[in-house]
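>>> just a sequence and a predicted model for now, questions to come.
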Amino acid sequence: MGMFADYWAVSEDELGRVTGGGDAAAEVIAKLMETADDDPDRISTDLAKDWDVLDIVLVGAPPVGTPRTSVDDAVMGTAEVPGGFDGGYLATSDPAATKAIAARLATVDLTERLRAYDDEAMGRDDVYAPYDPADRGTMEEVLTGHLATLREFYRRAAEADRGVVVFII
């Protein structure tokens, strides 16, 4: 999958247009990409290239067909938009799902999950496993920061009663 994950809290109209896919979704995403950083009222964040490691550490690599949970949905959204956008992965979460995700993220203990997710499991799930124990500490520090960022984003989006658009490219 992609290298960068962007997250935007969106209005009901924007959410509907993105969920519908096609040109309407493309217009909304293009506008978000151009203006989100410059709009002080827009709730947005990104997880850069470590989004996939955070996703796998939070939930492991569940067997194909296993239903996702609100922790999974924090990183990947609740509903993939058919056709994606510009070669990327595009998904949404409605306001109710956003609130459920925010509540669940508030209870996640990343340190405990990292302890359970050892280097062997990372290798099995095709995730970079640090060879040097010092790198493992750095990874924990980075992922802890990303989780804090994601928690704050979903908390603010939930308080504003917004849906969320996830774009990974």
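Happy to help now that I have it. Numbering: from 1, shown residues only.
>>> is residue 85 bridged to anything, and to what?
residue 88 (DSSP bridges).
>>> make sure it is actually in contact with residue 25.
Yes: taking contacts as Cβ atoms under 8 Å, residue 85 lies within contact range of residue 25: 6.1 Å. No exception for glycine: its C-beta is placed from N, CA and C like everyone else's.
>>> among those two, which residue is more densely surrounded?
residue 25 (23 against 20; other Cβ atoms under 10 Å).
>>> which elements pack onto the helix or strand encompassing residue 72?
Secondary structure assignment for residue 72, by DSSP states H and E: helix 70-76. Applying 3 or more Cβ pairs under 8 Å, 6 or more residues apart in numbering; DSSP states H and E, one finds that helix 70-76 contacts helix 51-59, strand 89-93, helix 95-105, helix 133-159, strand 163-168.
>>> what's the neighbour count on residue 88?
Residue 88, neighbours per other Cβ under 10 Å, totals 17.
>>> any regions of this protein where pLDDT drops low?
1-2, 50, 53, 56-57, 59-71, 84, 115-138 (pLDDT under 70).
>>> tell me the centre residue of it?
For the chain, the residue nearest the mean C-alpha position is residue 75 (2.3 Å; Cα atoms, centre = their mean).
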